[in-house]
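Enquirer: Fold the following for me, if possible:
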Amino acid sequence: MWGHSTGHTHCINSGARSSSSAAAFDISRPALPPRLSPWRVLGLALAAQCGFSLLDQGLPTLTGYLKTDLGLSASTAGLAVSALAFGKFFGAYGAGVAADRLGERKVLVLGGLVAASLVVLAAVGPSALFFPFLFLAGVAGAAGTPAGGRLVLLRFPPKRRGLALWIRQTGIPLGGLVAAVLLPWVAHLAGWRWALVVASGVAALALIPLAVTRIELVDEPCLASFRRRLARRAIATSYCLRCGRA
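Expert: Presented below is the predicted three-dimensional model:
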């Protein structure tokens, strides 16, 4: 019996030493960064969506300036300002695949910056390259719908996803409102080319908070089909916009 008690005491002491060692190990490890609030992620996604929409919906506000400066007919000018939406039609599926494989944040930031750069090239480049550059900008800017929606959806519980996605979608009319107020004013003062440069700069600035914020990856296998649904919705939206502007 005495031997049993001694053995029991030895086990307790060993366990205590192990616990102390584990605690010391935990203390010595660097603390993990706190998990980012879903509402903060939503705010970052909303700002990014405003930037994407500023580019997409800003072009139609400059149709009159394009017709006058480039000598375009009404139908040709309509095709020109629809080039970005036409590019989104072809880029939506690839953007969804990239968001699944590379992460939403990377795809949003990279797609937005590439789209803004291509719009600048369209503004300062020769007129013959205006439509191709805008088309490529639309392909890059297609990242806004699948990547932005997925970024928000994966960080909210099921009962709040509808509300979160609705708030994010308000970035579309907000970006259009900013474009309608800002770009014609800039075009009147300095020309439509400078208006496109300003739009690209504002869109890039809207992506900076997302680019400098570290967002942890979230795994949720049950949403594997979400990419396909968002891609189909983006394609349908781009098609409707293109038909409406034509």
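Enquirer: Please parse the protein into its domains.
Expert: 1-31, 38-245 (automatic domain parsing).
Enquirer: Can you name the residues that contact the residue nearest the centre of the chain?
Expert: In the chain, the centroid-proximal residue (CA atoms, centre = their mean) is residue 108; its distance is 3.5 Å. Residue 108 makes contact with 45, 48, 143-144, 147-148, 151, 207, 210, according to CB atoms under 8 Å, 6 or more residues apart in numbering. Placement of C-beta: from N, CA and C, glycine included.
Enquirer: sorry, back to before: least confident of the domains of the chain, on average?
Expert: Among the domains of the chain, domain 1-31 carries the lowest mean pLDDT, at a mean of 42.
Enquirer: Can you point out the buried residues in the host helix or strand of residue 188?
Expert: Residue 188 is part of helix 171-190, with elements assigned from DSSP states H and E. Neighbour-count burial for helix 171-190 flags 171-172, 174-176, 178-179, 182-184, 186-187 (criterion: 16 or more other CB atoms under 10 Å).
Enquirer: do the same with stretch 118-135
Expert: For stretch 118-135, by 16+ other CB under 10 Å, it's 118-123, 130-131, 133-135.
Enquirer: Kindly report the same for stretch 87-95.
Expert: So, applying 16+ other CB under 10 Å, buried residues of stretch 87-95: 87-89, 91-95.
Enquirer: what are the C-alpha coordinates of that stretch, in PDB please?
Expert: Extracted in PDB, the C-alpha atoms of stretch 87-95 (Å, rounded to 0.1, in the frame of the first residue of the first chain):
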ATOM      1  CA  GLY A  87     -14.900  41.700 -70.300                       C
ATOM      2  CA  LYS A  88     -16.500  40.800 -67.000                       C
ATOM      3  CA  PHE A  89     -18.700  38.400 -68.900                       C
ATOM      4  CA  PHE A  90     -15.600  36.400 -69.800                       C
ATOM      5  CA  GLY A  91     -13.700  36.800 -66.600                       C
ATOM      6  CA  ALA A  92     -16.300  35.900 -64.000                       C
ATOM      7  CA  TYR A  93     -15.700  32.100 -64.100                       C
ATOM      8  CA  GLY A  94     -11.900  32.400 -63.900                       C
ATOM      9  CA  ALA A  95     -12.200  34.900 -61.000                       C
END
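Enquirer: got a list of what residue 52 touches?
Expert: Counting by CB under 8 Å, 6+ apart, residue 52 has contacts 112, 115, 141, 144, 148, 171, 175, 203.
Enquirer: The same query, at a cut-off of 7 Å, please.
Expert: 112, 141, 144, 175, 203 (CB atoms under 7 Å, 6 or more residues apart in numbering).
Enquirer: any chance of these in JSON lines, with secondary structure too?
Expert: Listed next are those as JSON lines, based on DSSP: H, G, I helix; E, B strand; the rest coil:
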{"residue": "112", "secondary structure": "helix"}
{"residue": "141", "secondary structure": "helix"}
{"residue": "144", "secondary structure": "helix"}
{"residue": "175", "secondary structure": "helix"}
{"residue": "203", "secondary structure": "helix"}
